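# Make a model of this:
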Amino acid sequence: MTVKANQKTLHRQIRSQFQGKRKIPFVATDHEISHGRDITWTLRAKEAPEHIQEAWSGTSWIVDVTADGTRDGKPFHATHLFITSLRTTPEAMLRQVRDRWSIESWHWIRDTQLHEDAHRYRGNGAGAMATLRTAALNLLRLDGFQSIRAGMQAVMHDITSLLAMALRQPSQEPN
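Residues are numbered from 1 along each chain as shown. Sure thing, here's the model as predicted:
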């Protein structure tokens, strides 16, 4: 579970466990160079103190993940805190965190480019619209658009362009 700053007490308790020269028994790093980013990810984990384990049943580890480097040539730094019941290697835990962020980035695209959170569809309409948005995003990616914004601008006033993309894509159905 991600621990954000709005969870003031827990956030402060975890942050304090990673400050100073405390021994951090589990560390993993990963380096990424892609999409205008050069970032080093560092995960530090340790067993959750008793007071956190008591307040958050099932918690076994507290985790601090930092990302340092550059994005589009500008310095970048982010720190994220987590609690988890997962018992695995630090490398596997870092992969889990990074995989989760890739999903979050997909949701970020859906909200910022398609304004999905602003929609107020109910019932079957919500599922139908989500399916259509997902199909449109996938078609834009399959057609080679690296930028969803550019892809949306290319087809937003011409539905036949979007439908033509669907017809150009090879079928994924089994023979």
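# Tell me the buried residues in whatever helix or strand R15 lives in?
Taking DSSP states H and E as the definition, R15 sits inside helix 8-17. Within helix 8-17, the residues that qualify as buried by neighbour count (16 or more other Cβ atoms under 10 Å) are 10, 13-14, 17. Using the backbone N, CA and C atoms, a C-beta is placed for each residue, glycine as well.
# What of stretch 65-84?
Neighbour counts over stretch 65-84 (16+ other Cβ under 10 Å) mark 65-67, 69, 80-84 as buried.
# Run through who's touching that stretch.
Surrounding stretch 65-84, the residues in contact under the criterion Cβ atoms under 8 Å, 6 or more residues apart in numbering are 1-3, 10-11, 14-15, 36-44, 48, 52, 56, 59-64, 93-94, 97.
# After the helix holding R15, which helix or strand is next?
Sequence-wise, the next helix or strand downstream of helix 8-17 (DSSP H and E) is strand 26-34.
# what's the next helix or strand after that following strand packed up against?
Heading C-terminal from strand 26-34, the first helix or strand you meet, by DSSP H and E, is strand 37-47. The contact analysis (3 or more Cβ pairs under 8 Å, 6 or more residues apart in numbering; DSSP states H and E) places strand 37-47 against strand 26-34, strand 61-71, helix 90-114.
# Let's have these in CSV, adding mean pLDDT and distance to A126.
Output for the helices and strands packed on strand 37-47, formatted as CSV (pLDDT from 0 to 100; distance: least, Cβ to Cβ, whole Å):
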stretch, mean pLDDT, distance to A126
strand 26-34, 88, 34
strand 61-71, 91, 33
helix 90-114, 74, 13
